[in-house]
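S.K.: sequence and predicted structure, then a few things I'm wondering about:
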Amino acid sequence: MFLKRIVLSLFCFHVVLGKTPEIREDVRKFPDGFLFGVASASYQVEGAWDEDGKSESIWDHDTHKIPSPIDDMSTGDIADDSYHLYKRDVEMVREMGVDFYRISLSWTRIMPTSFPDKINQAGVDYYNNLINELLKHNIKPMITLFHWDMPQKLQEMGGWTNPNIVDWYGDYVRTAYELFGDRVKYWITINEPTQICLYGYGLNLLAPRLNIPGVADYLCSKNLLLAHARAYHIYDEEFRASQGGNISITLSAQWYEPESELYATASREYLQFDSGVYAHPIFSKEGDWPSIVKEKVARKSAEQGFARSRLPDFTPEEIEYVRGTSDFFGLNHYSSYFVNMDEDTINSYAVPSRADDIGVNVFKLNEWVLSEFSSTDYVPWGFYKLLNYFREEYDNPPIFITENGFGTYYTGLDDDERVTYYRGYIGAVLDAIDDGTNIIGYTAWCLMDNFEWTKGYTVRYGIYHVDFESPNRTRTPRKSAFVYKEIVRTRSLDIGFEPDTSVMTIDEGH
Ligand SMILES: *[C@@H]1O[C@H](CO)[C@@H](O)[C@H](O)[C@H]1NC(C)=O
Ligand SMILES: *[C@@H]1O[C@H](CO)[C@@H](O)[C@H](O)[C@H]1NC(C)=O
């Protein structure tokens, strides 16, 4: 996960938030067939960054820079050491009793040259061992093919801004389907494109930190969508018949609530620039970029003296190639924002930039902060609104929540804020289901504390605590792990449930 922390607005005010459900105290059941899981990602947990033939990714490269761009100057060189401790990870997944474990593959571990000319057997063995260990215990692996760790060599050739990435990525994913697709039935092509393109290419908040706003981010978006579509078509045409799995992309989307009715348009436009840039080309009936995004960027580009829109066009063939390339709607969600049109803020945006193209002010409320130690704001009604928005906007697609979770600035086991967050947000999922929104699965981020990108180890998201000082990276369940386990066991939410946190068990019946 990654969320940019926006400076809290200091003024407080009261607005009618529209009809949002109260937190309910009755025990509420999930529909039959609903899937529960936990997640992690390769660079954040594996460690072994240069072991057994693995080559350098952009995150290895970024964390090894001097001076370090990471808040605590840490790296993922060892992280949770899951490369060696994966059996303990699977044991924890079994303790949670979940249906699936979402992991990601490291491209540079499997293909050290970035290309299929050389397959690294040690890397393949690692993923085979992990997948087989899960299946032995009846846990489904869900695999993200790209969770940000681009091969450094490909980055030096432009990464997502080079149109050849569509071929390179296609070759990589074909190899992954060939190697693992006999046992893997849930694939995510790319994790969080907004964060990749905006924070990594438009700004300097994530690797590769290109910081070319309003230009590199839009080029990234186009090539990334074409690469996603390539991965979908390869699966669909060459593997689906024999392997029978499902595949889609995962978007990180937050909710943008208008401060008042005056800003309803600002809210809609912000949503189109944020999640719509990826969702509209794939999930809408007509495909292509959202029209408001095309219009605004084209107009600003012309005013600014560019020879053409900074947002690259799709050809009609490309629109068709991308449209409909999903078996479900993968969604990561963390928090919400308010929007208005505060001119001082809008006039302060860099020109050109995506922020300037949108021309909307985004802010948070102090009352959403659960404690001085929380790094994620608590706005469960925003999740409810977002889920229902996607139902209406994209004709009720099956939504698979592939990440949702809470960050803290403390390491302790009594994570009451995280428990509050999970209860509120899982309640919001049930509220949206009650309204007819088609939600098929839920994933807690994260199984365990790990390397949180630019924040290093300063922010913890784990339902398991990890002791990064111990050689074994000792993992210990937090209170939230016990609470989540009970939700999964009973397939229902009882917000009054108080766990006995003295013993963690594995239900062998699973
Ligand atoms: C894939 O999706 C289809 C259609 O929703 C569904 O029938 C099938 O069971 C899914 N496959 C898996 C492995 O979940
Ligand atoms: C680390 O794990 C190994 C294998 O489980 C165990 O034998 C050893 O005692 C552990 N070391 C520490 C310091 O916990």
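M.R.: Here it is on my side, so go on. Numbers count the residues shown, from 1 in each chain. Ligands and ions are numbered 1, 2, ... in the order given.
S.K.: tell me which residues of stretch 402-409 come out buried.
M.R.: By 16 or more other Cβ atoms under 10 Å, the buried positions in stretch 402-409 come out as 402, 403, 404, 405, 406, 407, 408. Placement of C-beta: from N, CA and C, glycine included.
S.K.: now these as CSV including secondary structure and distance to ligand 1?
M.R.: Listed next are the buried residues of stretch 402-409 as CSV, based on DSSP: H, G, I helix; E, B strand; the rest coil; distance: Cβ to the nearest ligand atom, whole Å:
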residue, secondary structure, distance to ligand 1
402, strand, 14
403, strand, 19
404, strand, 20
405, coil, 23
406, coil, 28
407, coil, 30
408, strand, 33
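S.K.: now the residue in the stretch 301-450 of the chain that ligand 1 sits nearest to: which helix or strand?
M.R.: Per Cβ to the nearest ligand atom, residue 327 is where the stretch 301-450 of the chain lies closest to ligand 1, at 5.3 Å. Here residue 327 sits in a region with no helix or strand, counting by DSSP states H and E.
S.K.: quick check: closest non-adjacent residue to it.
M.R.: Nearest-residue entry for residue 327: residue 246, 3.9 Å, with adjacent residues in sequence omitted and distances by Cβ to Cβ, 6 or more residues apart in numbering.
S.K.: give me every residue that touches the one you found.
M.R.: Residue 246 is in contact with 185, 186, 187, 327, 328, counting by Cβ atoms under 8 Å, 6 or more residues apart in numbering.
S.K.: quick check: the residue of the stretch 301-450 of the chain closest to ligand 1 vs residue 233, distance?
M.R.: As judged by Cβ to Cβ, to the nearest Å, residue 327 and residue 233 stand 13 Å apart.
S.K.: same question for residue 199.
M.R.: Taken as Cβ to Cβ, the span from residue 199 to residue 233 is 28 Å.
S.K.: got a pLDDT number for residue 251?
M.R.: The model reports residue 251 with a pLDDT of 98.
S.K.: how long is stretch 31-49 from one end to the other?
M.R.: Stretch 31-49 has an end-to-end distance of 41 Å (Cα to Cα, to the nearest Å).
S.K.: same check on stretch 206-213?
M.R.: 13 Å.
S.K.: and what of stretch 230-250?
M.R.: Length of stretch 230-250, first residue to last, Cα to Cα: 15 Å.
S.K.: chain center to it: distance?
M.R.: Distance of stretch 230-250 from the chain centroid (Cα atoms, centre = their mean, to the nearest Å) equals 20 Å.
S.K.: please apply the same query to stretch 485-495.
M.R.: 24 Å.
S.K.: related to what we said a few turns ago, which residues sit in contact with the residue of the stretch 301-450 of the chain closest to ligand 1?
M.R.: Neighbours of residue 327 in contact, by Cβ under 8 Å, 6+ apart: 246, 247, 248, 398.
S.K.: could you measure from it over to residue 186?
M.R.: 9 Å.
S.K.: again with residue 200
M.R.: 25 Å.
S.K.: of these two, who's got more company?
M.R.: Neighbour count, other Cβ atoms under 10 Å: between residue 200 and residue 186, residue 200 has more, with 27 against 23.
S.K.: the closest residue to that one other than its chain neighbours: what secondary structure?
M.R.: Closest residue to residue 200 apart from its sequence neighbours, by Cβ to Cβ, 6+ apart: residue 206 at 4.4 Å. On the three-state scheme (DSSP: H, G, I helix; E, B strand; the rest coil), residue 206 is labelled coil.
S.K.: you'd agree residue 206 is up against residue 199?
M.R.: Yes - the criterion here is Cβ atoms under 8 Å, and residue 206 meets it with residue 199 at 4.2 Å.
S.K.: and for residue 167, the neighbour number?
M.R.: Using other Cβ under 10 Å, residue 167 has 13 neighbouring residues.
S.K.: gap between it and residue 380?
M.R.: Counting by Cβ to Cβ, the separation of residue 167 from residue 380 is 43 Å.
S.K.: around ligand 1, pick out the residues from the stretch 101-250 of the chain.
M.R.: 185, 245, 246 (Cβ under 6 Å from any ligand atom).
S.K.: next up, the contacts around the second one.
M.R.: This points to residue 245. By Cβ under 8 Å, 6+ apart, residue 245 lies in contact with 181, 184, 185, 186, 187, 235, 239.
S.K.: the nearest residue to the fourth one once chain neighbours are set aside is in what secondary structure piece?
M.R.: By the measure of Cβ to Cβ, 6+ apart, the closest residue to residue 186 outside its immediate chain neighbours is residue 142, 3.9 Å from it. Secondary structure assigned from DSSP H and E places residue 142 in strand 140-146.
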